[in-house]
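# Here is the input, now give the coordinates:
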Amino acid sequence: MKIAVVTDSASYLTPKQITDNNIHVVPITVIFGHQTYLDNVEITTSEFYQRLKTDSQMPTTTQVTLGQMQTMYDQLADEGYDAVISIHLSSGITTFYSNLVNYLPNVTNIKVYPFDSRIASAGEADLVMLAAKLVQAGRTPEEIISALTRLRDTIDAYFVVDDLSHLVRTGRLSNASSMVGSLLRIKPILTFNDQAQIVAIEKERTMRRAYQRIKQKFQAAYEQADYPLRLTIIDANNAELQQEWSADLDQQYPDVNIAHSEIGPVIGVHVGAGTMALLWDYDWERWPETATHGKKA
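Below you'll find the model as predicted:
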C-alpha cells in the first residue's frame, strides 16, 4: 500500500524534513488588511514578524479550505497513493478538523485517515515525523494512527507569551477574562487543556521566572518518564532567549534529545513575537516497533 503523509503549515517542519520524508504540506492563510498570504509560501517567518512590528493593522488567519484539501487528495490519488494520514492543527483552536471529518465522505478516490494533533507547532511536527517514519517502515494506516494516538498522549507543552493581547484579540485564550486586568504586569504560563484549548494556568512576573517554572515541570516529567524524551525549545522571533534556554538545558540534560523549532506566521498571529515554549514527548526518532506505554503520568 502506498501511503502519503499530509499536514498543514502550523507544524512548521523545516524544508529538509519535508523533502527528506516526502511530507505534503497545505499552507494556512495569513491576512493583513485586504492582503492574504500563504503561510511560509508567500510570506516568510522573518517577513511576518517585521510586518507585525510595523503594520498598523493587526493580522488574522483563515483556516485551510476544504477545496485545498480536495486538491491535495486528488493530486495524491493521481500519483498512485492508496491512503493518506492527514495530521492537523488542534481542534481546540480551530474548527478545521471537525469540518474536514464531516467532508471526508465526499473524498472517494483515496482513503483518508484524519488525525487531530490536539496541539500545534513542534508537537504537530513530531506526530508528522513519526507518521513518516512508520510509513517508511511499512506499517499499515491503522497501525500508524494507533502509534500517533500513543505519541500524542505523551505530549506536554508550556509556553509564555511576551504580550497576552494577541491571544485575547484573536479569541484563542479560553480563560482570557481572568487575565485581562493584568495584561501588562504578568508573563502568563499557558498550556493546552483536556479539550485541546489554550488556557493560562499560572502567572509570573518575568520571563525568567516563567522559564524556571516551566523547567520545573519538565524536570518532573524527566524523573517520571520510562521512555526516551525529546525536548523542543520553540521561539517566536526570539533568538536570544532560544540560545539562552538551549545552553542551559543542554548543560542540565545531556542525555535528552533537544531540538529547536520556530513559531511561524499563522501561530505568530495569535501569540505574538517573543513567545517562548518548551514541548516534550516520547522521542519519535527512538520510537519502537511495538510501543506499550500509555498516557503520560
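
# All the strands of the stretch 151-297 of the chain, residue numbers only.
Ranges of strands in the stretch 151-297 of the chain, per DSSP state E, counting those that start in this stretch, are 156-160, 187-192, 198-204, 229-235, 257-262, 276-282.

# for the record, mean pLDDT for the fourth one?
Think strand 229-235. The average pLDDT for strand 229-235 rounds to 97.

# Now tell me which helix or strand of the chain has the poorest mean pLDDT.
helix 165-170 (a mean of 56; mean pLDDT, DSSP states H and E).

# could you redo the strands of the stretch 151-297 of the chain as TSV and give each row distance to Ser121 and mean neighbour count?
In this view, the C-beta of every residue, glycine as well, is placed from N, C-alpha and C. Shown next, in TSV, are the strands of the stretch 151-297 of the chain (distance: least, C-beta to C-beta, whole Å; neighbours: other C-beta atoms under 10 Å):
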stretch	distance to Ser121	mean neighbour count
strand 156-160	8	23
strand 187-192	11	22
strand 198-204	12	18
strand 229-235	6	22
strand 257-262	6	18
strand 276-282	7	25
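
# least reliable of those strands going by mean pLDDT?
Averaging pLDDT over each of the strands of the stretch 151-297 of the chain puts strand 198-204 lowest, since it has a mean of 82.

# So what angle separates the directions of whichever strand or helix holds Lys133 and strand 187-192?
If you go by DSSP states H and E, Lys133 is part of helix 121-136. Angle between the axes of helix 121-136 and strand 187-192 is 30 degrees (criterion: axes from the mean of the first three to the mean of the last three C-alpha atoms, to 10 degrees).

# Report the rounded mean pLDDT for helix 121-136.
97.

# Could I get the buried residue list for it?
Under the neighbour-count criterion of 16 or more other C-beta atoms under 10 Å, helix 121-136 has 121-135 buried.

# helices or strands up against that helix?
The helices and strands touching helix 121-136, judged by 3 or more C-beta pairs under 8 Å, 6 or more residues apart in numbering; DSSP states H and E, are strand 3-8, strand 83-88, helix 141-152, strand 229-235, strand 257-262, strand 276-282.

# In TSV, list the ones you listed along with distance to Ala210.
Formatted as TSV, those follow (distance: least, C-beta to C-beta, whole Å):
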stretch	distance to Ala210
strand 3-8	28
strand 83-88	29
helix 141-152	25
strand 229-235	14
strand 257-262	18
strand 276-282	8
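
# show me the contacts for Ile189.
Residues in contact with Ile189 (C-beta atoms under 8 Å, 6 or more residues apart in numbering) are Tyr158, Phe159, Val160, Ala200, Ile201, Glu202, Lys203, Glu204, Ala210, Arg213, Ile214.

# picking up where we left off before, any idea which of the helices and strands packed on helix 121-136 gets closest to Lys111?
Smallest distance to Lys111 across the helices and strands packed on helix 121-136 (C-beta to C-beta): 4.4 Å, for strand 83-88.

# Can you list the buried residues in the helix or strand just after that closest one?
The helix or strand immediately downstream of strand 83-88 is helix 96-103, counting by DSSP H and E. Using 16+ other C-beta under 10 Å as the test for burial, helix 96-103 gives Phe96, Tyr97, Asn99, Leu100.

# How far off centre is the very next helix or strand once past helix 96-103?
Per DSSP H and E, the first helix or strand lying C-terminal to helix 96-103 is strand 111-116. From the chain centre to the centre of strand 111-116 is a distance of 17 Å (C-alpha atoms, centre = their mean, to the nearest Å).

# by how many degrees do the strand or helix carrying Gln75 and strand 111-116 diverge?
Using DSSP H and E, Gln75 maps to helix 66-78. Counting by the same axes, to 10 degrees, helix 66-78 lies at 140 degrees to strand 111-116.

# tell me what the longest helix seen in the chain is packed against?
What stands out as the longest helix in the chain, according to DSSP state H, is helix 207-224. Packed against helix 207-224, as judged by 3+ C-beta pairs under 8 Å, 6+ apart, are the following elements: strand 156-160, strand 187-192, strand 198-204, strand 229-235, helix 239-252, strand 276-282.

# Which among those is found nearest to Asp82?
Of these, the one closest to Asp82 (C-beta to C-beta) turns out to be strand 276-282, at 27.9 Å.

# Parallel or antiparallel, list what pairs with the closest one.
strand 156-160 (antiparallel), strand 229-235 (antiparallel) (DSSP bridges).

# Contacts only, for Trp287.
Trp287 touches Leu130, Lys133, Leu134, Ala147, Leu151, counting by C-beta under 8 Å, 6+ apart.

# Of all the strands paired with strand 276-282, which one is nearest Thr45?
It is, among the strands paired with strand 276-282 and with distance given as C-beta to C-beta, strand 229-235, at 10.4 Å.
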